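*Asks:* Predicted model follows, preceded by the sequence.
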Amino acid sequence: MNARSLHVRLAAWHAVWLAAVVAVAGVLVYFGLRQYLEERAAILQRQRAERAGAVVAQVGTFDRQRLADELTTRFAPEASGRFLRVSGADGAVVYQSGPPHDQSFDPAEFPPSSRRTGTRRIWFAAGIEFVVATVPSGPGNPPAYWVETGESMAPAFVELHRLLVSLAIAFGVVAVVAVVGGILLVRRALAPVEAITVSAERITSRNLSERLPVPPTGDEFEHLSRTLNRMIERLDEAFLNNRRFVADASHELRTPLTVLRGELENLVQETRIDPEFRERLGSTLEEVERLAGIVQGLFDIARLDAGEARAQRSEVNLARLVGSTAEQMLLLAEDKGVRVQCQASKDAWVEGDRSRLKQVVVNLLDNAIKYTPRGGAVLLRVGTAAGRVFFEVADDGIGIPAAALPRVFDRFYRVDKARSRDQGGAGLGLSIVKSICTAHAGTVEARSDGRVGSCFRVELPSCPAPETDPSIPAHRPRKE
Ligand code: ADP
C-alpha cells in the first residue's frame with residue numbers, strides 16, 4: 001500500500017481526528033464526573049455534619065456516653081465506614097467514631113479539627129482520599145463545638161475506574177472502526193478517480209477518440225471528468241488536423257515528385273548531354289528519390305495512424321510471409337556479403353493487412369542488412385509463444401548504443417545521421433514498423449548490447465489457422 005496515496009492519508013486523518021475527539025470527550029467525561037462526585041460528597045458530608053451538630057446541640061456533651069450512643073444510633077459511622085468527630089472550641093476531642101468494620105482506615109490518623117467551617121480533603125498513605133466537612137455546633141462565637149464528618153472517596157473512585165476502563169475499550173473500538181470505516185469510505189469516495197485513472201492510462205495519441213468515464217455523482221469528480229474529456233476532444237481535433245495535414249501534404253507532394261523523377265530519369269538517359277552534367281543530374285535524381293521515399297514514408301504513417309491497416313484484414317501466415325520476403329531480399333544481402341538464415345515454424349497465423357506486415361519484414365531485414373558489415377549474418381526467427389506470434393530479426397552488425405535504443409522508433413531519428421543518410425535512410429523505417437505493429441495490436445522492441453549486433457522482436461496476437469489458406473489459389477494443392 002502506498003503510504004502517500006490519498007486513500008491512506010485521508011483514512012489516517014479520519015482515524016486520527018475521530019480518535020482525538022473520542023479521547024478528548026473521554027477525558028472531559030472522566031474529570032467532569034470525578035469533580036461532580038467530589039462536590040456531591042462534600043455537600044452530603046456537610047449536611048450530615050449539620051445533622052450531627054443538631055444532635056450534639058440537643059443531647060449536650062455533659063453525658064458523653066449518651067452522646068456517643070445517640071450519634072452511633074443515628075449515624076452508625078463504624079458500620080457505614082464513615083468518620084465522625086466532635087471537638088470542643090479548644091480542639092479537645094469530645095467524641096470520635098471508632099475504626100470501620102472493614103478496617104479500611106484508622107480514625108486516629110485524622111489530623112486535628114480545622115475548627116473552620118468548610119470541607120477539606122485528606123489523603124492517607126494508602127492513597128485513600130477522604131472528604132471531610134467541618135461545621136460549628138451550639139451558640140456563641142466562636143462556637144462551643146466543631147462537628148466533622150468524613151467519607152472515603154474510594155467506592156466512587158472504583159466506579160470511576162470502571163468508567164475509565166470502559167472509555168479505553170470504547171476508544172480502541174472507535175479507533176479500529178475509524179480506520180476500517182475510513183478506508184472503506186475513502187475507497188468508495190475515490191472509486192471514480194480509480195476509474196478515471198485507468199481510462200486515462202489507456203488513452204494515447206492513437207486512441208484519442210476514447211473518452212474518460214463520467215461518474216453521475218454531480219460532484220467535483222463528474223466536473224473533472226467532463227473537463228478532461230473536453231480537453232481530450234480538443235487534443236483529438238488537433239491531432240486529427242495534424243495527421244490530415246501530413247497526409248494531405250505528402251499526398252500532394254507525391255505527384256509532382258513522380259513527375260520530377262520521371263523527367264530526371266529521361267534526362268539522365270539523354271545521350272546528347274555532356275557526362276559531367278549527366279553526373280550532376282544523376283545525384284539530383286538520387287536526392288529526388290530520397291525525397292520521394294520520405295514523402296511516401298510520411299504518407300504511409302499518416303494512413304496507418306488513420307486506421308488504414310485495420311480496414312484490410314485477413315489471416316496471414318507470418319512464417320510463410322517472412323520466408324518468401326527473405327528469399328526476395330537474398331540478392332540484396334548477397335550484394336552486401338551478408339548471410340541471411342531463416343528459422344520459421346510451419347504455421348504462425350496472424351490477422352492483419354498482408355502488405356503492411358510484409359513492410360515490417362522488409363524494413364527490419366533491410367536495416368539488418370544495411371547495418372551489418374560484409375561477412376556478417378542475419379538470423380530471422382518466427383514462431384508462436386503464449387498465444388502470440390513472434391518475429392525476430394537478429395544481426396551481428398554495428399549494434400545500437402543504449403542511449404539510442406528508446407528513440408529508434410521515433411520519426412526521423414537516426415543514431416548516426418551522416419552514416420544513415422549515406423545509406424539512404426531518413427529515420428522513418430522503424431516508425432512505420434511501430435505504427436503497423438500498433439495498428440495490429442502488437443508490439444515491437446529493440447535489444448542491443450550497444451557494441452555488436454541488435455535484435456528486433458515483433459509480437460502480434462495469433463489467430464486460428466483458416467479452413468483454407470487464403471494465400472493459396474483454390475485449384476492448387478496446399479503446400480507449406
Ligand atoms: P533509417 O531509414 O535511417 O534506417 P530507421 O527508422 O529504419 O531509419 O532506423 C532508425 C535508426 O536506427 C537508424 O538510423 C539506425 O541508426 C538504427 N538502426 C535500425 N536498425 C538497426 C540495426 N539493425 N543495426 C544497427 N542500427 C540500426
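*Replies:* Perfect, I can see it now.
*Asks:* Return the helix or strand that contains Asp335 as PDB; C-alpha atoms alone will do.
*Replies:* Assigned by DSSP states H and E, Asp335 falls within helix 318-336. Extracted in PDB, the C-alpha atoms of helix 318-336 (Å, rounded to 0.1, in the frame of the first residue of the first chain):
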ATOM      1  CA  LEU A 318       3.600 -14.800 -40.900                       C
ATOM      2  CA  ALA A 319       6.100 -17.700 -41.100                       C
ATOM      3  CA  ARG A 320       5.500 -18.100 -44.800                       C
ATOM      4  CA  LEU A 321       5.400 -14.300 -45.400                       C
ATOM      5  CA  VAL A 322       8.800 -13.900 -43.700                       C
ATOM      6  CA  GLY A 323      10.300 -16.900 -45.700                       C
ATOM      7  CA  SER A 324       9.200 -15.500 -49.100                       C
ATOM      8  CA  THR A 325      10.200 -11.900 -48.300                       C
ATOM      9  CA  ALA A 326      13.700 -13.100 -47.100                       C
ATOM     10  CA  GLU A 327      14.000 -15.000 -50.400                       C
ATOM     11  CA  GLN A 328      13.200 -11.900 -52.400                       C
ATOM     12  CA  MET A 329      15.800  -9.900 -50.400                       C
ATOM     13  CA  LEU A 330      18.600 -12.500 -50.700                       C
ATOM     14  CA  LEU A 331      20.100 -10.800 -53.700                       C
ATOM     15  CA  LEU A 332      20.400  -7.600 -51.700                       C
ATOM     16  CA  ALA A 333      22.100  -9.500 -48.900                       C
ATOM     17  CA  GLU A 334      24.400 -11.300 -51.200                       C
ATOM     18  CA  ASP A 335      25.500  -7.900 -52.700                       C
ATOM     19  CA  LYS A 336      26.400  -6.700 -49.300                       C
END
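*Asks:* residue contacts, Ala344?
*Replies:* Each residue near Ala344 by C-beta atoms under 8 Å, 6 or more residues apart in numbering is listed here: 319-320, 322-323, 380-383. Every residue, glycine included, has its C-beta placed from N, CA and C.
*Asks:* Can you tell me which of these has the most neighbours?
*Replies:* Counting neighbours by other C-beta atoms under 10 Å, the top entry in those is Val322, with 26 neighbours.
*Asks:* Could you measure from that one over to the ligand?
*Replies:* Plainly put, Val322 is 16 Å away from the ligand if you go by C-beta to the nearest ligand atom, to the nearest Å.
*Asks:* ditto for Ala439
*Replies:* Per C-beta to the nearest ligand atom, Ala439 is found 17 Å from the ligand.
*Asks:* Make sure that residue is actually in contact with Gly307.
*Replies:* Yes: using C-beta atoms under 8 Å, Ala439 is in contact with Gly307, at 7.0 Å.
*Asks:* more crowded one of those two?
*Replies:* Neighbours were tallied for Ala439 and for Gly307 using other C-beta under 10 Å; the higher tally belongs to Ala439 (21 against 11).
*Asks:* what does the model give the more buried one for pLDDT?
*Replies:* pLDDT, Ala439: 89.
*Asks:* do Asn317 as well
*Replies:* Note on Asn317: pLDDT of 95.
*Asks:* Ranking helices and strands of the protein by mean pLDDT, which lands last?
*Replies:* The weakest-scoring helix or strand in the chain, judged by mean pLDDT, DSSP states H and E, is helix 417-422 (a mean of 62).
*Asks:* What's the first helix or strand after that one?
*Replies:* Defined by DSSP H and E, the subsequent element after helix 417-422 is helix 429-439.
*Asks:* How about the contacts made by Val59?
*Replies:* When contacts are counted by C-beta under 8 Å, 6+ apart, Val59 touches 66-67, 70.
*Asks:* Sorry, slip of the keys, the one I care about is Lys336.
*Replies:* Lys336 sits next to 369-370, 372, 374 when contact means C-beta under 8 Å, 6+ apart.
*Asks:* which of these count as buried?
*Replies:* For the contacts of Lys336, a burial check counting by 16 or more other C-beta atoms under 10 Å picks out 369-370, 372.
*Asks:* Quick check: residues of the stretch 351-480 of the chain near the ligand?
*Replies:* Within the stretch 351-480 of the chain, the positions near the ligand by C-beta under 6 Å from any ligand atom are 367-368, 371, 395, 397-398, 400, 408, 413-416, 420, 425-431, 454.
*Asks:* Are any of those residues buried, and if so which?
*Replies:* By 16+ other C-beta under 10 Å, those give 367-368, 371, 395, 397-398, 400, 408, 413-415, 420, 425-431, 454 as buried.
*Asks:* coming back round to it: would you check which pair of the contacts of Lys336 lies furthest apart?
*Replies:* Pairwise distances across the contacts of Lys336 (C-beta to C-beta) peak at 12.1 Å, for the pair Lys370 and Arg374.
*Asks:* which SS class is Val147?
*Replies:* strand (DSSP: H, G, I helix; E, B strand; the rest coil).
*Asks:* Identify the residue spatially nearest to it, adjacent ones excluded.
*Replies:* In space, not counting the residues next to it along the chain, Val147 is nearest to Gly53; the distance is 4.3 Å by C-beta to C-beta, 6 or more residues apart in numbering.
*Asks:* my guess is the one you found contacts Pro139, does it?
*Replies:* No: counting by C-beta under 8 Å, Gly53 stays clear of Pro139, with 11.6 Å between them.
*Asks:* neighbour-wise, which of the two wins?
*Replies:* A count of neighbours by other C-beta under 10 Å puts Gly53 above the other of Gly53 and Pro139, at 21 against 8.
*Asks:* ok, Gly182 to His7 distance?
*Replies:* According to C-beta to C-beta, to the nearest Å, Gly182 and His7 sit 9 Å apart.
*Asks:* Over to Ala20?
*Replies:* Per C-beta to C-beta, Ala20 is found 20 Å from His7.
*Asks:* So for those two, which residue has more residues nearby?
*Replies:* Ranked by neighbour count (other C-beta under 10 Å), Ala20 and His7 place His7 first, with 19 against 10.
*Asks:* residues contacting the more buried one?
*Replies:* Shown in contact with His7 (C-beta under 8 Å, 6+ apart): 1, 183, 186-187, 190.
*Asks:* give me the element the residue in the stretch 51-200 of the chain that the ligand sits nearest to is part of.
*Replies:* Distance from the ligand to each residue of the stretch 51-200 of the chain (C-beta to the nearest ligand atom) is smallest for Ala200, at 29.6 Å. Assigned by DSSP H and E, Ala200 belongs to helix 154-202.
*Asks:* Show me what that helix is packed up against.
*Replies:* Counting contacts by 3 or more C-beta pairs under 8 Å, 6 or more residues apart in numbering; DSSP states H and E, helix 154-202 packs against helix 6-59, helix 220-269.
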